[in-house]
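Novice: Give me the fold of what follows.
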Amino acid sequence: MKAKLYLFLLLLNIGNIAFAQEQKMTDSEIASFKQDVNVVSKKIKSLTTDFVQYKHLDFLSKDIETSGKMNFKEPGLLQWQYKKPYNYSIVFKNGKILINDEGKKSAVDIGNSKIFGRINKLIIGSVSGNMFDDKEFSISYFKSKGQNIAKFIPKDATLKKYIKQIELTFDKEEATVVQVKLLESSEDYTRIVLKNKVINAKIDDSIFTN
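Specialist: The predicted model follows:
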């Protein structure tokens with residue numbers, strides 16, 4: 001059970017889609033992009049989306065694929081429900097991580113771990129698109145056809161041991177996240193693609209009980 005949790009928290013990297021050539025944004029493009037994302041993220045009170053996760057391990061010839069549904073609700077409720085190939089859910093709620101591994105339940109107190117607290121903040125920020133914190137990250141911005149890409153390198157030395165870089169890919173028109181990538185210090189990564197998003201639909205709190 002713990003192995004699955006650490007795999008989720010530490011290897012939550014979304015791999016690269018084969019983009020057309022990435023080009024660096026100009027200062028004016030960066031300002032406009034950040035403004036668009038911040039406006040949209042402030043409007044997101046809830047979000048539900050399907051996801052497909054591809055875990056790339058350098059020693060395997062094929063990526064490990066899992067899929068499920070994600071639910072997010074302000075101010076900080078987040079659930080990842082894996083449905084294939086196994087039933088496994090993780091809920092971030094009230095400073096705790098609640099785990100349900102095919103009926104076997106456990107909990108982790110985020111308050112007891114600085115690194116878990118930071119990763120929790122990163123995950124929620126990556127879902128809502130609200131991660132533009134220059135104090136926490138060195139950030140670079142790129143554009144591609146129909147998409148904008150923000151790449152975050154953690155400044156915190158402890159966090160950097162686990163996560164080398166985070167990449168968020170945004171739909172250019174909607175200014176919402178469609179892909180998240182967390183690169184590890186190794187060459188391994190996890191790729192999660194978000195699709196069929198529904199913003200501000202009613203989500204019952206019971207979903208986050210786990």
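Novice: which residues of this structure fall in helices?
Specialist: 2-10, 27-43, 114-128, 157-160 (DSSP state H).
Novice: Tell me the bridge partners for Asp109.
Specialist: Lys96 (DSSP bridges).
Novice: any idea how far it lies from Leu98?
Specialist: For Asp109, the distance to Leu98 equals 11 Å [CB to CB, to the nearest Å]. C-beta: built from backbone N, CA, C; applies to glycine.
Novice: what sits against the closest residue to Gly125 other than its chain neighbours?
Specialist: Spatially, and ignoring its direct neighbours in sequence, Gly125 is nearest to Met131 (3.9 Å; CB to CB, 6 or more residues apart in numbering). Contact partners of Met131, counting by CB atoms under 8 Å, 6 or more residues apart in numbering, are 122, 125, 137, 150, 152, 166, 168.
Novice: of Asp109 and Leu98, who's got more company?
Specialist: Neighbours per residue, other CB atoms under 10 Å: of Asp109 and Leu98, the larger number sits with Leu98, 18 against 11.
Novice: so the more buried one touches Ile90, yeah?
Specialist: Yes: using CB atoms under 8 Å, Leu98 makes contact with Ile90 at a distance of 7.3 Å.
Novice: the bottom helix or strand of this structure by mean pLDDT?
Specialist: Least confident element among the helices and strands of the chain, by mean pLDDT, DSSP states H and E: helix 2-10 (a mean of 52).
Novice: quick revisit: tell me the two of the contacts of Met131 that are most distant?
Specialist: Using CB to CB, the two most remote members of the contacts of Met131 are Leu122 and Ala150, lying 12.8 Å apart.
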